[in-house]
Each structure stands twice: as structure tokens, then as C-alpha cells.
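Q: Kindly generate the corresponding structure for this input.
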Amino acid sequence: MAITRLTDIITVFDSKWTYGDSKFGYEGEVNQDHDTQYPLMLIQPPESIIPVVYDGREEYTFEINFYNLYSQAAQDVVTLQKRWDNLQDLSNEWLDMVLKNYQDVTVEAYLNDESIEIERLKDVANDKLVQIKLTFTMSAFTKCFRPVSSYPSDFSDLKVWLRADSGATFDIPTKKVSAWVDNSGTNNDMAQSTKANQPLRYGYGGQDDKAYFSFDGTSDYLSSDNNCPLTGNDLTIFYVAKSNEVTSATQRLVGYRDSAGGGSDRLNFGIESSGRVYFKALDDSSNGGSIVSGFSDVGTVSHIACARIKDTDFSLQYNNNTEVTANYASYSNNDGFNLAPFTIGHIDLGGVGTYWDGEIQEVIIYNRALSDAETADVRGYLNLKYNIY
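A: Numbering: from 1, shown residues only. Coordinates of the predicted model:
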């Protein structure tokens, strides 16, 4: 099929904006009902022509407005240009995802050369907002653009992709999160129905002023709706997070047990008591072990952590530092980690909780060991987004 209706394009635009609310309408309608979840994308009805000379190719000139809150309190902790820059980052990533959608040979569209304009505005609409105005012309039925950015979804066997800026169901006044949609396409969503155990979601203020979930270290966690999707021996896990403090207690960001109320501690990933990144995996016969990063400053700073298992080789990397490795020759986990749900922010060790105290921004899980080049691409995506190292 080719693009024949404006509705087709708007449907794609809406589906690729996963950071907050989206609206097709006019600027004066922004937050009329005062129930907007920011960041907001407003798609204004476009100008459209069908040039006869191009045999039916239709050109749409869009004005897309992106908004985020900028309160007086925020001015004390983040600069205005940083808030604008991060809103522009979201708009750029959204446009890249839209254009990736049209790489399929059956659906063809491209961005007209030199048609993009970006304007920065402040104190607009019915709130104290910052605004990015993106104007561009999209031409249907002809294709010439090829995006070059790498995203986690570009690599096979992606099973979990949780992003604080996307897919959160939360109460606006209290910020409590009841559900977190998995962006991997495999529906490994997370949820927490008990309000006392729900983390808080903030749309800005995390690393590089990006969205984050705040976990209290005593009761907050999320459980997967389905069993853990890791079905074999190998795996790769990434996270971006920050612990509020290093204490004598360990903190687990990703956890898995054989069953919800018992069974062995089979898989956990987080920070141990010295403040170093810690990863542990045990097979069906409790063979395996743990591995700890070589750097101890991770406990109180935002960081990227990556753990991999390839056959019997374990590896762990903190940011872009030297990878730490270990070999557990007896490890053989052919049955995988899929007998029970997994958790984010907690693992129940026989009634003793090890809860995450701090921020979580992104969690990515693959059902295989990524290659070194693939791992570098995913870490590159995370570092480009969060500006960590």
C-alpha cells in the first residue's frame, strides 16, 4: 500500500510519539481541559497539494508543536536551553522513528530536502511551557531518506524495552505508576496494583533532564505481567539508573526467582553494598555465580550497566570502562529463566527485600548474547540519549 489518506500519516505520527500525550488540532486548544500529560505533541492540520507534474504524489507541509512544562521551581535546577534541547531531542527521535516506518518498500514517503525549520518559544498556551515548533514537508510515494541512528529494536531477540519517557500509566497528581508498557513489541509489560508499592514517574529532572521513575528503597517495585521471557542460556541486559546512596544493603534493579513465593534467587542485576555494579545468574542446578564491576563510583551517579552471558562466559560493563569477565564452566541453563515473572526495583530473597533506592530511566533485555559491535551500538544509543560519559 502507499499513503493515500491524511489519516494514514497521522496514525503513524501518533504511534511513534510515546513520551506523553499527542493531539491533532490547533494551538489554541492546548490543555483546554487541564489534563495533559507532558511532553505533548500537537499536530496541526497540514497544508497539502498534489503536484500534477509528479503524477499524483502528494506533499504535506506539517507544523508540529512540542511542549513541556517549565515551572519557576525548575529554573533553579535546569537551564532554559537544556529544557529546550531535551524537547528537541524527543522531537528528533520521533521524526527518525516516523521516517524508519516508511523504509518498507510498500509504503513510500520522504522528507523534502531543507524543509525542516525549528523555532523555540516560551510561556505559551494555557500553561508555563517551553515549546519547539517543527515545520517540514513530507512527500508521499517517493523514497530517498535513510536514517542512520541505531535503536535497541534494530537488533534481534529484543524481549524487554522499558523507558521512563514512554508507556507509563500514572496518576497525574500523585505521580504513582500503576503500569509500564514494554516497547520491544513482545508485550512483556510491567504493573503494580498496590498503591503503597508504586514508584513515582517524573517527566523531567533525571539524568540530562530526561524522564525517570523514582523508587523509594523500601517498598516500590514493578512485576511483569508475563513470565520472564529469557528461554535459553544466553542473555544481554542493559539499564540506565542512579542509586540515591550507597549503604550496607544491596539493591536489585532486575530480579528473577523460580516462583513468586519461593524458589531460588536465579537472576539479579543491580548494585552491591560497596557501590559497584553486581550481576548474578544461576542455572537450574544452581551452577553459575556473580560478577562485580571494577569501579565503585556507580552508586551515587547515573550510569549505564550491561551484563552478558555467552555459553559459560559472564561479562559486566559499567559505562564505557573495561569489561569485567568471569567463566563458570559448569553453568548450563538450557531451560532459561521463564518459570515466573521478573521484577524491576526489587527481588524477594525469601522474605528479605532488596529494593532499589533511586532512579531508573531505561531497561533493555535481549534473549541472546549480543556481539561486541551490537553491545557498543546499544550503549551508544543510551549514552547519546542520557549524556552519561
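Q: So which residues of the stretch 251-389 of the chain form helices?
A: Under the criterion DSSP state H, counting those that start in this stretch, the stretch 251-389 of the chain carries helices at the ranges 372-386.
Q: For it, just list every one of the strands.
A: Taking DSSP state E, counting those that start in this stretch as the test, the strands found in the stretch 251-389 of the chain are 251-257, 265-271, 277-282, 288-292, 303-310, 313-318, 324-327, 341-344, 346-349, 352-355, 357-366.
Q: Mind putting the ones you listed into a markdown table with mean pLDDT and distance to Asp154?
A: Where you see a C-beta, it was placed from the backbone N, CA and C, and this is true even at glycine. Below are those laid out as a markdown table (pLDDT from 0 to 100; distance: least, C-beta to C-beta, whole Å):
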| stretch | mean pLDDT | distance to Asp154 |
| --- | --- | --- |
| strand 251-257 | 91 | 22 |
| strand 265-271 | 90 | 23 |
| strand 277-282 | 94 | 24 |
| strand 288-292 | 94 | 27 |
| strand 303-310 | 97 | 16 |
| strand 313-318 | 96 | 20 |
| strand 324-327 | 96 | 26 |
| strand 341-344 | 94 | 23 |
| strand 346-349 | 80 | 30 |
| strand 352-355 | 78 | 33 |
| strand 357-366 | 97 | 12 |
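Q: all helices of the stretch 1-150 of the chain, in order?
A: Using DSSP H, counting those that start in this stretch, helices in the stretch 1-150 of the chain cover 6-16, 80-101.
Q: Now do the buried residues in the shortest one.
A: Translated: helix 6-16. Neighbour-count burial for helix 6-16, with 16 or more other C-beta atoms under 10 Å as criterion, is recorded at 9-10, 12-13, 16.
Q: min pLDDT across the residues you listed, which one?
A: Summarising pLDDT for the buried residues of helix 6-16: the lowest-scoring member is Ile9, with 83.
Q: I figured that residue was touching Met138, is that so?
A: Yes: using C-beta atoms under 8 Å, Ile9 makes contact with Met138 at a distance of 7.2 Å.
Q: What confidence value was assigned to Phe145?
A: Phe145 carries a pLDDT value of 38.
Q: Please renumber the chain so that the first residue is 16 from this point on.
A: Sure thing, new numbering starts at 16, so read that last one as Phe160.
Q: just for the stretch 66-215 of the chain, where's the confidence low?
A: Filtered on pLDDT under 70, the stretch 66-215 of the chain yields the residue ranges 66-72, 86-93, 119-130, 132-142, 155-163.
Q: Look up the closest residue to Arg383, ignoring the ones flanking it.
A: Leaving aside its chain neighbours, Arg383 sits nearest to Asp172 (4.5 Å; criterion: C-beta to C-beta, 6 or more residues apart in numbering).
Q: how many other residues sit next to Gln47?
A: 12 (other C-beta atoms under 10 Å).
Q: how close does Val175 get to Tyr219?
A: 24 Å (C-beta to C-beta, to the nearest Å).
Q: Let me see the backbone angles for the residue nearest to Val307 when sequence neighbours are not counted.
A: Leaving out its chain neighbours, the residue that sits closest to Val307 by C-beta to C-beta, 6+ apart is Arg291, at 4.9 Å. Main-chain dihedrals, Arg291, degrees, to the nearest 10: phi -90, psi 150.
Q: Counting neighbours, what do you get for Arg291?
A: Neighbour count for Arg291, taken as other C-beta under 10 Å: 19.
Q: can you check Phe170 too?
A: Counted with other C-beta under 10 Å, Phe170 comes out at 18.
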